[in-house]
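Visitor: I'd like to go over a predicted model; first the sequence, then the structure.
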Amino acid sequence: MTVKRASNKKRSAKPAKANNSGAADIVSATRVFSENGLVQQLFGSHHSHLTRVEQKLGGSIHARGNEVNITGSTDTVNSICTVLDHLYARLERGLEVERAEIDAAIRMVKAPNGSVSDGDITVVTRNRRISPRSSMQADYLNAIESAELVFAQGPAGTGKTYLAVAKAVERLVSGDVDRIILSRPAVEAGEQLGFLPGDMREKVDPYLRPLYDALHDMMPAEQVAKRLESGEIEVAPLAFMRGRTLANAFVILDEAQNTTAVQMKMFLTRLGEHSRMVITGDLSQVDLPRGIRSGLRDAWDVLTGVDGVNFITFGEEDVVRHRLVARIVHAYSSIESRRGQGARYETEPERKNETQTGN
């Protein structure tokens, strides 16, 4: 998708005189934006948005009136121009530009194969319009649109569950599916919930609360309650899926790293006609007992190369929840890599030699 260019006057980046140290040439470019009201939103209060872009991409940005002059290396100047043009085009389409959108554009332009046009993808729900905030999120949304079964694996805060729920709500509201089914393994209680107080819904709701939170972010509370009551939206533990056929539905299994291989096979084979299924999880946060292989890892290995199945792997660079979360994920990933932590969930458990050699 081509992004509409923002300015009515542009000057190509031109190289300045190189310094004697042999450093990269310094170039400059100018952008002129026509709409005063949009310019104020683009620049931000006290030019805070321009400062953010400058801090993240380098170079130097000077604004005067509706004109912006950008100086830096060729790659830096091109990246800044691309980001500003993209953000201005968003404003022209009536979309907001806040820090999250600025960081998303920067994240996309810095991605090896990314493009700011990835941010033009939009998921429309009753409460909001949602756009991807990284190139991998854009790939994820495209995969959900094109494939009947999608696996998404990666660290917390990358939007795996949130975007899947957004696509599910969009399809339900548009009439593409008749119902949404959201499921999680209740690993913390071993799926043996009888000792907890309350009826069945009160027993399992604490484990499914993140899914309810995502639903309420997409739809008005009264709509969520009404559709839960009618069965158009169902939130249930994984154990309740056995023996069912899930047809004309958008099905999401969250926290799939905490399934066993048997449970994963059971769930995947519930897929019925005219349905979509999304499986999400994080193999660095497995709560299974020692020696039990994660069903998510098992399915990933078994189904790689199967037609109609897509796989998306998020990295710490895709964390969009809070800037500190990305640093936390990186710190834990580094130490766990050195310790080899989590490896036991990704490989087959060791088997003791049961054969005795006789004399």
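Guide: Thanks, I have it. Nothing here was measured: the structure is a model prediction, and the numbers come from that model. Residues are numbered from 1 along each chain as shown.
Visitor: Neighbours of Asp85, how many?
Guide: 20 (other Cβ atoms under 10 Å). Using the backbone N, CA and C atoms, a C-beta is placed for each residue, glycine as well.
Visitor: For it, what are phi and psi?
Guide: Asp85 adopts backbone torsions of phi -60, psi -40, taken as degrees, to the nearest 10.
Visitor: Isn't it up against Arg31?
Guide: Yes: counting by Cβ atoms under 8 Å, Asp85 touches Arg31, with 7.2 Å between them.
Visitor: Please write out the alpha-carbon positions of the helix or strand that contains Thr280 in PDB.
Guide: Element membership for Thr280 (DSSP states H and E) is strand 276-281. Written as PDB, here are the backbone C-alpha positions of strand 276-281 (Å, rounded to 0.1, in the frame of the first residue of the first chain):
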ATOM      1  CA  ARG A 276     -10.300 -19.400  11.800                       C
ATOM      2  CA  MET A 277      -8.000 -20.500  14.600                       C
ATOM      3  CA  VAL A 278      -5.200 -18.500  16.200                       C
ATOM      4  CA  ILE A 279      -2.800 -20.000  18.700                       C
ATOM      5  CA  THR A 280      -0.700 -17.700  20.800                       C
ATOM      6  CA  GLY A 281       2.000 -18.300  23.400                       C
END
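Visitor: Quick one: name whatever helix or strand follows that strand.
Guide: Following strand 276-281 toward the C-terminus (DSSP H and E): helix 295-303.
Visitor: How far does the strand holding Thr280 sit from its chain's centre?
Guide: 12 Å (Cα atoms, centre = their mean, to the nearest Å).
Visitor: by how many degrees do that strand and helix 295-303 diverge?
Guide: 120 degrees (axes from the mean of the first three to the mean of the last three Cα atoms, to 10 degrees).
Visitor: can you give me the helices for the stretch 251-359 of the chain?
Guide: Shown for the stretch 251-359 of the chain, the helices assigned by DSSP state H, counting those that start in this stretch span residues 261-268, 295-303, 323-339, 343-346.
Visitor: which one of these has the most crowded surroundings?
Guide: Each of those was scored by mean neighbour count; the highest is helix 295-303, a mean of 20, by mean count of other Cβ atoms under 10 Å.
Visitor: Check which helices and strands that one is in contact with.
Guide: For helix 295-303, the elements it packs on are strand 149-153, helix 261-268, strand 276-281, judged by 3 or more Cβ pairs under 8 Å, 6 or more residues apart in numbering; DSSP states H and E.
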